[in-house]
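Colleague: okay, predicted coordinates and the sequence, questions at the end:
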Amino acid sequence: MTAYAFWNNKGGVGKSFLSFVAATEYARTYPNTDVYVIDLCPQGNVSEMLLLDSEILMDFDDEMSLIDYEFLQSNYDIIHKLIGMTPRSTVAGYLEARLNSPFRPIKDVSPYVCRPQDFNRKLPTNLLLVCGDYLLEILSEAIRQTSQLAVPVDAWKQVVSWIKDLTIALRQKSGNRDTLFILDCNPSFAIYTQLALAAAENLVVPFTPDDSSRRAVENVVALLYGKTTGDQKIETYAKINFANRAKEAGLDVPKLYTFVSNRVTLYRGTASKAFEAVNEAVKNTVDRLYKDHRQIYTNPSELPSERFIEIPDYHSACVVMTVKGIPLDSLQAGPNPIGRKSIQLNSEPLDKYRKALTEFVSYL
């Protein structure tokens, strides 16, 4: 069993999209492996992508952009159906059940899992989903308070392990089949993000080549491990960190696995100078951390900047995939109709995009 959490302390860096690509491509490449996506973001973006019926064509208002239009109505109906089941067939349904019996693992977790292929026929049958749910945000305070109970003495450890318990139960559900877990996280370091990270062995950190992403990467390391590149003010607070509490409780935290530079602007086939400069700044940041804190990396014998993956910016392809729920292997060059609009995907940039994303999935 291998579990990857996709997280950065900054929104809009492509965590959900890369989770979608990783899950769909891995499931297609390895049909004998059950690939589980656990959506631990209240917005449920990766669930929206997976549950879209890609055969449905939707009308768009010419005055609205594709991103702004409420194009997901058919998909919302699917999610609302899952939410309306008893119990809720979502991650919030599972967490509600845990709140009702905080210190007793649930043996049968099948009510909380769905098969996206039932709704999106282009997806592989071995891809499974624990759907996201807006109720997750509402439940977070109850979960946090439960983790602070004085009895039992290990209440925090048991509560923070709830999603890890879920992965164990799902692994048992898969029997002799191999399993892979993709956990899509919210940017905040809320309790539900901590549950996701405690369930993962490896951490994938997507970022966009801008300075706010560099600071967010530093926050990831400070929040999760209590390590910094020398900022004394941050170090003062980082000492009261998740990793120290997890260590005291005997709970493992994920290691930094790889960094994905997403939406790189290319100029004549290579990254533009501005984007390359910021990319180098992020590499320098993680390499400086590596010199003093090798233990937080999955592969401590390799400089982390050597494991950086660059994904070129091809917004049109990303829109087609996310709007229609089309996995990478089914994406075609040429005109792609979406309602009354048609998005043209050109062969050369699409091939580069596909190659970069395929290389990223091959790292898992």
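Modeller: It's in. Numbers count the residues shown, from 1 in each chain.
Colleague: show me where this protein dips below the pLDDT cut-off.
Modeller: Scanning the chain for pLDDT under 70 picks out 53-76, 229-240, 263-274, 339.
Colleague: and stretch 27-45, how far apart are its ends?
Modeller: End-to-end distance for stretch 27-45: 19 Å, by C-alpha to C-alpha, to the nearest Å.
Colleague: list the buried ones in that stretch?
Modeller: Neighbour-count burial for stretch 27-45, counted by 16 or more other C-beta atoms under 10 Å, picks out 27-28, 33-45. The way it works is simple: take the backbone N, C-alpha and C, and place the C-beta from them, glycine included.
Colleague: let me know the closest of those residues to Asn186.
Modeller: Nearest to Asn186 among the buried residues of stretch 27-45: Cys41, at 4.3 Å, using C-beta to C-beta.
Colleague: wait, that closest one sits on Leu183?
Modeller: No. Contact criterion C-beta atoms under 8 Å: Cys41 and Leu183 do not qualify, at 9.6 Å.
Colleague: burial measure for the residue nearest to Pro111 when sequence neighbours are not counted, as a count.
Modeller: In this structure, Pro111 finds its nearest non-sequential neighbour in Pro87, 5.6 Å apart by C-beta to C-beta, 6 or more residues apart in numbering. When neighbours are counted by other C-beta atoms under 10 Å, Pro87 registers 13.
Colleague: I'd guessed Pro87 sits against Gly93; true?
Modeller: Yes. Using C-beta under 8 Å, Pro87 is in contact with Gly93, at 4.4 Å.
Colleague: pull up the overlap in contacts between these two.
Modeller: Pro111, Tyr112 (C-beta atoms under 8 Å, 6 or more residues apart in numbering).
Colleague: would you map the strands across this protein?
Modeller: Remark: strands assigned in the chain by DSSP state E are 2-6, 33-40, 127-130, 178-185, 202-207, 255-264, 266-267, 270-271, 309-312, 334-338, 341-345.
Colleague: can you put those in a markdown table and add distance to Tyr225?
Modeller: Shown next, in a markdown table, are the strands of the chain (distance: least, C-beta to C-beta, whole Å):
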| stretch | distance to Tyr225 |
| --- | --- |
| strand 2-6 | 14 |
| strand 33-40 | 20 |
| strand 127-130 | 27 |
| strand 178-185 | 16 |
| strand 202-207 | 10 |
| strand 255-264 | 9 |
| strand 266-267 | 33 |
| strand 270-271 | 29 |
| strand 309-312 | 21 |
| strand 334-338 | 42 |
| strand 341-345 | 40 |
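Colleague: for Ser147, find the nearest of these.
Modeller: For Ser147, the closest of the strands of the chain is strand 33-40, at 15.6 Å, according to C-beta to C-beta.
Colleague: just want the angle from the closest one to strand 2-6.
Modeller: Comparing the axes of strand 33-40 and strand 2-6 via axes from the mean of the first three to the mean of the last three C-alpha atoms, to 10 degrees yields an angle of 30 degrees.
Colleague: which residues does strand 33-40 contact?
Modeller: For strand 33-40, contacts defined as C-beta under 8 Å, 6+ apart pick out 19, 23, 26-27, 45-47, 50, 91, 113, 124, 126-132, 136, 163, 166-167, 170, 174, 177-186, 192-193, 195-196, 199.
Colleague: and what of stretch 158-167?
Modeller: 1, 3, 36, 38, 40, 94-95, 98, 102-103, 105-106, 109, 112, 130, 143, 146-147, 152, 181, 183, 191, 194-196, 198-199, 246, 249, 251.
Colleague: residue ranges of the helices in this protein, please?
Modeller: Along the chain, the segments classed as helices by DSSP state H run 15-29, 45-50, 73-83, 91-100, 135-147, 155-160, 162-173, 191-199, 211-225, 232-238, 242-249, 273-292, 315-324, 347-362.
Colleague: for Thr86, what are phi and psi?
Modeller: Note on Thr86: its backbone torsions stand at phi -120, psi 110 [degrees, to the nearest 10].
Colleague: tell me the spacing between it and Gly93.
Modeller: As for Thr86, its distance to Gly93 is 9 Å (criterion: C-beta to C-beta, to the nearest Å).
Colleague: then Leu331?
Modeller: Distance of Leu331 to Gly93, computed by C-beta to C-beta: 32 Å.
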